[in-house]
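Chemist: have a look at this prediction, sequence included:
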Amino acid sequence: MIYYAMEQTTLISTFYSFDPFVAAAHAVSPNVIVLIVDAEKEKEVNENIKKVRDFYGSVTSVNVETVKGSDLLAITQKTVDLIEKAKGRVVVYVGGGKKLTAQGVLYGCYARAERVEKILCNNVNDQTIVELPKLTYGLTKPKRILLEKIAARDGKSIKDIADSLGKTRGMLYQHLKELKENGYVDEKFEITLAGRMALL
């Protein structure tokens, strides 16, 4: 008899309570579970974390990562790091925890959409699992390079940036206009929070 090794599946999940999480865990059958918990709510959710460990711990590795629920950029960065570190398939569930935490996790998925197989949440009406679209930041290589220069501009003018890239200001302004329309730079062409997340 020949046995084939199944690819490892990592479930990265925002987490607050046990019941909504179970449907996602059953749908995915993960080898590794990573629960993302708001540090301010950690004591409140300890009993639910224990339930997950009791229920899944004998067959699945269960890890807890705490985040500061009000720091959107840090949550996004933590999610990017977790996705990059995961082996095999990556499925993300955003059905529990604070809305801001779930948004940060989604933004991390957008930064590494090529590594995420699925993004799941619960239907609020009947708690069935719903698959969300995998979006990306849509940065072309030239726009990414420009955004990186803006992030590190340290008082440099757009003309200085254009010169450093070997482009005319006119060529840069079309990219800047699109970056501004997407919310990655502001009116003064300074990088925004969304722009910093897009560069992760």
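Modeler: That came in fine, so what should we check first?
Chemist: quick one, helices of this protein?
Modeler: Taking DSSP state H to define them, one finds helices in the chain at 18-28, 42-56, 72-85, 99-111, 141-151, 158-165, 169-181, 193-198.
Chemist: pLDDT on the last one, on average?
Modeler: Across helix 193-198, the average pLDDT comes to 95.
Chemist: neighbouring contacts of it?
Modeler: If you take CB atoms under 8 Å, 6 or more residues apart in numbering as the criterion, helix 193-198 is touched by 72-73, 76, 107, 111, 137, 139, 144, 147, 150-151, 179, 182-185. In this view, the C-beta of every residue, glycine as well, is placed from N, C-alpha and C.
Chemist: among these, the buried ones, what's the ChimeraX command?
Modeler: Applied in ChimeraX, the following selects the buried portion of those according to 16 or more other CB atoms under 10 Å:
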select :72,76,107,111,137,139,147,150,151,179,182,184,185
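Chemist: of all the contacts of helix 193-198, which comes closest to Val94?
Modeler: Checking the contacts of helix 193-198 against Val94 with CB to CB, the nearest one is Tyr107 at 10.7 Å.
Chemist: tell me the spatial nearest neighbour of the closest one, not counting adjacent residues.
Modeler: Across the structure, with CB to CB, 6 or more residues apart in numbering as the measure, the residue nearest Tyr107 apart from its sequence neighbours is Thr76 (4.4 Å).
Chemist: ok, the one you found touching Leu200?
Modeler: Yes. Distance between Thr76 and Leu200: 6.0 Å, which falls inside the contact criterion (CB atoms under 8 Å).
Chemist: mind listing what Lys98 touches?
Modeler: With contacts defined as CB under 8 Å, 6+ apart, the neighbours of Lys98 are 14, 16, 38, 41, 69.
Chemist: ok, and the most crowded of these?
Modeler: Sorting the contacts of Lys98 by how many neighbours each has (other CB atoms under 10 Å) puts Thr14 first, at 29 neighbours.
Chemist: please tell me how far it sits from Asp186.
Modeler: Distance from Thr14 to Asp186, counting by CB to CB, to the nearest Å: 29 Å.
Chemist: ok, Cys121 next?
Modeler: 31 Å.
Chemist: name the residue in these two with the higher neighbour count.
Modeler: Cys121 (19 against 13).
Chemist: which one is that one nearest to, not counting chain neighbours?
Modeler: In space, and not counting its chain neighbours, Cys121 is closest to Gly95: 4.7 Å by CB to CB, 6+ apart.
Chemist: does that neighbour touch Asn122 like I think?
Modeler: Yes. In terms of CB under 8 Å, Gly95 counts as a neighbour of Asn122; the distance is 4.3 Å.
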